[in-house]
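Colleague: below: sequence and its predicted model.
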Amino acid sequence: PSTISRDYNDFYRTTDILLILAITGITMRLIVNDVQTALETAESATLLALQSQSSLEYLAHHDSLTGLPNRLLGRDRIEQALNQARRHNERLAVMFVDLDNFKTVNDTLGHDQGDMFLKQVANRLIDSVRQMDIISRQGGDEFLVGITNARDAEAISTAAAHILTRMAEPFPVNEVQISLSCSIGIAVY
């Protein structure tokens, strides 16, 4: 009887141990799954936060309509270009471009058409200067253009004339052709 009892107890003890190990294994698997899910959620939240931060930084420094640098970033880039011009004894021309009578576009065609027009103005300004030059939207219908490493007064005059010519070409906005001139003020360092 004692051998049977011992075998019986060993069987149940082994069964208990196997059952405990199985339950422990299942519990550990559930914990690991929960930790993996929590890590994935944390990674997603971190990525979303980084994307939001990047978007906020972009919005803080760029004009929401045209995508050009805004007044703050434009000023910073002009200051950097001015410092570089001082260091390398180069010329920097800063042009203040103002669209003449832009208010009439908004008044007659509406703000949506005016916004489309301003986007086209921004694109033409980008196409009118070199990639190394600076363009920013100051607000409304005012833009700042920095011509870096300008060789001489003639090069600056040529750049301004090119901008005036491009701005004088009609702008197709939906089914309307908008023609406006612009005024340019120039300061040279």
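Modeller: Perfect, I can see it now. Numbering: from 1, shown residues only.
Colleague: go through the host helix or strand of Asn83 and flag the buried ones.
Modeller: If you go by DSSP states H and E, Asn83 is part of helix 71-88. Neighbour-count burial for helix 71-88 flags Leu73, Gly74, Arg77, Ile78, Ala81, Ala85 (criterion: 16 or more other CB atoms under 10 Å). Quick note: C-beta positions are derived from backbone N, CA and C, even for glycine.
Colleague: could I have the CA atoms of that helix written out in CSV?
Modeller: What follows is helix 71-88 as a C-alpha-only set of coordinates in CSV (Å, rounded to 0.1, in the frame of the first residue of the first chain):
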residue,chain,number,x,y,z
ARG,A,71,8.3,86.8,-41.6
LEU,A,72,10.3,85.3,-38.7
LEU,A,73,12.2,82.7,-40.8
GLY,A,74,12.7,85.1,-43.6
ARG,A,75,14.3,87.7,-41.2
ASP,A,76,16.5,85.0,-39.7
ARG,A,77,17.7,83.9,-43.2
ILE,A,78,18.3,87.5,-44.2
GLU,A,79,20.3,88.0,-41.0
GLN,A,80,22.4,84.9,-41.8
ALA,A,81,23.0,86.0,-45.3
LEU,A,82,24.0,89.5,-44.1
ASN,A,83,26.5,87.9,-41.6
GLN,A,84,27.9,85.8,-44.4
ALA,A,85,28.1,88.9,-46.8
ARG,A,86,30.1,90.7,-44.1
ARG,A,87,32.5,87.8,-43.5
HIS,A,88,33.2,87.3,-47.2
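Colleague: returning to what we had before: a markdown table please, covering the buried residues of helix 71-88 and showing pLDDT and distance to Asn174.
Modeller: Converted to a markdown table, the buried residues of helix 71-88 look like this (pLDDT from 0 to 100; distance: CB to CB, whole Å):
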| residue | pLDDT | distance to Asn174 |
| --- | --- | --- |
| Leu73 | 97 | 30 |
| Gly74 | 97 | 29 |
| Arg77 | 97 | 33 |
| Ile78 | 97 | 34 |
| Ala81 | 97 | 37 |
| Ala85 | 96 | 42 |
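Colleague: who are the packing partners of the helix or strand Thr14 falls within?
Modeller: Assignment of secondary structure by DSSP H and E places Thr14 within helix 2-61. Judged by 3 or more CB pairs under 8 Å, 6 or more residues apart in numbering; DSSP states H and E, helix 2-61 is in contact with helix 71-88.
Colleague: how big is the angle separating the helix it packs on from helix 2-61?
Modeller: Here the directions of helix 71-88 and helix 2-61 differ by 70 degrees (axes from the mean of the first three to the mean of the last three CA atoms, to 10 degrees).
Colleague: helix 71-88: how far from the chain's middle?
Modeller: Put simply, helix 71-88 sits 20 Å off its chain's centre (CA atoms, centre = their mean, to the nearest Å).
Colleague: list the buried residues of stretch 117-129.
Modeller: Phe117, Leu118, Lys119, Val121, Ala122, Leu125, Ser128, Val129.
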